[in-house]
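Asks: just the structure for this:
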Amino acid sequence: MKKRNLKTLSSLCALLLCATFAAWSQTPPPAPTFSKELRDQLQAVRDAALTSDYAWHQLEHLTENIGPRPSGSPQAQAAAEYVAAEMRKLGLEVHLEPAQVSHWIRGEEKAQLVEYPGQAPQTTQRIVLATISGSSATPAEGITADVVVVHNFDELTALGREKVAGKIVLFNVPYDERKAVAGMAFEAYGEAVVYRGRGAKAVAELGGIASLIRSVGGADYRLPHTGYSAPAGIPAAALAAEDAELVDHLAAQGHVRMHLTLTPQKLPDVTGYNVVADLKGSEHPEQIVVVSGHLDSWDLGRGAIDDGAGVVISMATAEILQRLHIRPRRTLRVIAWMDEENGGGGNQAYAKTHAGELANHIAAIESDAGAGHPLGFYMKMPPAAFTALQPLHDILRPVGSTVFRSAEHSPGSDIEPLVEAGIPGIGIIQDGRKYFDYHHTAADTLDKVDPHDLRENAAAMAVMALTLTNSNEALPRQ
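Replies: Predicted coordinates:
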């Protein structure tokens, strides 16, 4: 080694030693801590939630006594009145706040394959499907047309108008169940749901007379999954995954023809109601922390996982604080949103009605990802807010809700207008491995909810909410 190189190496070592000693001499910033009073309150709230069946009994009533709650329906109105009455029993200040909401009726839905390769004489094959809400109606007697199967938008575009006009188009795009099993259910959903949202419009632009999709969800039970689709002026429906596979296989063999009858009605918007219930703060009543879920559901099932669970754990947050005589320093606001599924009229009305007080909204929490075990929280907020919430890990470790993840977008659709206004947004990360087996189907019923998991969700919601209402400093805004 040359002398010059040795000198350079010696200089580098000296610099490294200086940097090391400088690092040792610096005192790291103190980790954020909660006061003993707040820690005691949070632990008491956590333990009370884990031993309470309040949320379960509320969910029983919403799903089984009231039943499906599509916006604009008598059941949706009954559910709003019920939640309002239950919150008044707890001593909260309650308002039923009006919102213009969608009113859609499913009507008849049926389909048969009337021509296909290998068909036995004088037979048809029934296809299991569900109308999606942007659908136009067929004539009462239905329509009969050839079926074209594609697997993505590029394939549809490549066919062109000549091969699509006058046809029924099926998008057979699988929901990736392997992703779901690996804990990426919402990523799998996002990849497939674009065909429900935009498929009919793409088909209509090429002259197709109806748009069908493979249901967005698990494929084990021959269940069709309904949902929202952008209106395109043509009939639109979702096939059970098994039936989408059948049509695809037959179409690969030759000519397939379908008779399709869908008779939905899009009625004029009506007045629905968000339930807004306040547990007033003792020191800063003007400052608001929202806990929420959406009260409306699709008509096929009973809205247990989507999203009765979110509503009842929000209700339970208020019930636990009242039962333990813990007065929040800031106002806790329970919101049961209306019309999340089919237009978002409820959240739009809230943002407009409360525009003048959005600057005083400290944070907004929404639960709308089922009722599975809560793993932690998605958060749309600045890094400093993440840091301020770190002491929650110790409180929530017995629940298992210690994963804090940054969200690029709002972690809930109903709190999205609030998040866009700069308000920190929080959503519960729930175990979603089986969620999309039942989501938007007739199987969204009470038995799909585990009471223990529901208690854990109530604990996670209540602990986070109390932290936000009772911490010394409000979270920094975006």
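
Asks: make it CA atoms for all contacts and neighbour counts henceforth
Replies: OK.

Asks: other SSEs contacting the helix or strand containing residue 148?
Replies: Per DSSP states H and E, residue 148 falls inside strand 143-150. The helices and strands touching strand 143-150, judged by 3 or more C-alpha pairs under 8 Å, 6 or more residues apart in numbering; DSSP states H and E, are strand 168-171, helix 241-253, strand 257-262.

Asks: can you give me the helices for the stretch 351-478 of the chain?
Replies: For the stretch 351-478 of the chain, helices defined by DSSP state H, counting those that start in this stretch occupy the ranges 383-388, 392-396, 416-420, 435-438, 451-470.

Asks: hmm, back to that, contacts for the strand holding residue 148, please.
Replies: 156, 164, 166-172, 247-248, 251, 255-261 (C-alpha atoms under 8 Å, 6 or more residues apart in numbering).

Asks: partner strands of it, parallel or antiparallel?
Replies: Strand 143-150 sits in its sheet next to strand 168-171 (parallel), strand 257-262 (antiparallel), going by DSSP bridges.

Asks: domain parsing for this protein?
Replies: 36-104+268-470, 107-263 (automatic domain parsing).

Asks: quick one on the thing from earlier: quick one: the helices of the stretch 351-478 of the chain as a markdown table, columns for mean pLDDT too.
Replies: Formatted as a markdown table, the helices of the stretch 351-478 of the chain follow (pLDDT from 0 to 100):
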| stretch | mean pLDDT |
| --- | --- |
| helix 383-388 | 90 |
| helix 392-396 | 96 |
| helix 416-420 | 98 |
| helix 435-438 | 97 |
| helix 451-470 | 98 |
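
Asks: of those, which is nearest residue 185?
Replies: Residue 185 sits nearest to helix 435-438 of all the helices of the stretch 351-478 of the chain, at 7.4 Å, using C-alpha to C-alpha.

Asks: what packs against that closest one?
Replies: Contacting helix 435-438 under the criterion 3+ C-alpha pairs under 8 Å, 6+ apart are the following elements: helix 185-205.

Asks: list of residues touching the helix or strand just after the helix it packs on?
Replies: Following helix 185-205 in sequence order, the next helix or strand is strand 210-214 (DSSP H and E). Residues outside strand 210-214 that contact it (C-alpha under 8 Å, 6+ apart) are 167-174, 195-196, 199-200, 203-204, 234-241, 244.

Asks: restricting to C-alpha, output strand 210-214 in CSV.
Replies: What follows is the C-alpha trace of strand 210-214 in CSV, where atoms were taken according to Å, rounded to 0.1, in the frame of the first residue of the first chain:
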residue,chain,number,x,y,z
ALA,A,210,-75.3,-5.5,-22.0
SER,A,211,-72.3,-5.7,-19.8
LEU,A,212,-71.6,-8.6,-17.4
ILE,A,213,-68.6,-9.0,-15.0
ARG,A,214,-67.3,-11.9,-13.0
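
Asks: within its sheet, name the partner strands of whichever helix or strand comes after that strand and how each one runs.
Replies: With elements assigned by DSSP H and E, the helix or strand that comes after strand 210-214 is strand 236-239. Sheet neighbours of strand 236-239, with direction, are listed as strand 129-131 (antiparallel), strand 210-214 (parallel) (DSSP bridges).

Asks: for residue 300, find the nearest of those strands.
Replies: The closest of the strands paired with strand 236-239 to residue 300 is strand 129-131. By C-alpha to C-alpha, the value is 9.0 Å.

Asks: quick check: residue 310 touching residue 294?
Replies: Yes: if you go by C-alpha atoms under 8 Å, residue 310 and residue 294 touch, sitting 6.8 Å apart.

Asks: overlap of the contact sets of those two?
Replies: residue 368.

Asks: so who does residue 453 touch?
Replies: By C-alpha under 8 Å, 6+ apart, residue 453 lies in contact with 371-374.

Asks: now do residue 84
Replies: By C-alpha under 8 Å, 6+ apart, the contact set of residue 84 is 94-96, 275-277.

Asks: highest neighbour count among the residues you listed?
Replies: residue 275 (28 neighbours; other C-alpha atoms under 10 Å).

Asks: quick check: which element contains it?
Replies: Using DSSP H and E, residue 275 maps to strand 265-279.

Asks: give the next helix or strand downstream of that strand.
Replies: Next in sequence after strand 265-279, counting helices and strands by DSSP H and E, comes strand 284-294.

Asks: what's the angle from that next one to strand 265-279?
Replies: 140 degrees (axes from the mean of the first three to the mean of the last three C-alpha atoms, to 10 degrees).

Asks: buried stuff in strand 284-294?
Replies: For strand 284-294, the neighbour count (16 or more other C-alpha atoms under 10 Å) marks 285, 287-294 as buried.

Asks: what's the answer for stretch 252-263, then?
Replies: Result for stretch 252-263 [16+ other C-alpha under 10 Å]: buried residues 256-263.

Asks: between the residues you listed, which is nearest residue 83?
Replies: Among the buried residues of stretch 252-263, residue 263 lies closest to residue 83 (C-alpha to C-alpha), at 32.6 Å.

Asks: enumerate every residue touching residue 298.
Replies: 68-70, 226-227, 341, 440.

Asks: also residue 455?
Replies: Applying C-alpha under 8 Å, 6+ apart, we find residue 455 in contact with 49-53, 55-56.

Asks: just the buried members of those residues?
Replies: Buried members of the contacts of residue 455, scored by 16+ other C-alpha under 10 Å, are 49-50, 52-53, 55-56.

Asks: nearest residue to residue 188 other than its sequence neighbours?
Replies: Closest residue to residue 188 apart from its sequence neighbours, by C-alpha to C-alpha, 6 or more residues apart in numbering: residue 176 at 5.4 Å.

Asks: now tabulate the strands paired with strand 143-150 in a markdown table and tack on mean pLDDT and distance to residue 457.
Replies: Compiled in a markdown table, these are given as follows (pLDDT from 0 to 100; distance: least, C-alpha to C-alpha, whole Å):
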| stretch | mean pLDDT | distance to residue 457 |
| --- | --- | --- |
| strand 168-171 | 98 | 36 |
| strand 257-262 | 98 | 39 |
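
Asks: ok, back up a step: out of the helices of the stretch 351-478 of the chain, nearest to residue 328?
Replies: Closest of the helices of the stretch 351-478 of the chain to residue 328 is helix 451-470, at 5.7 Å (criterion: C-alpha to C-alpha).

Asks: the closest one vs strand 284-294, what angle?
Replies: Helix 451-470 runs at 160 degrees relative to strand 284-294, counting by the same axes, to 10 degrees.
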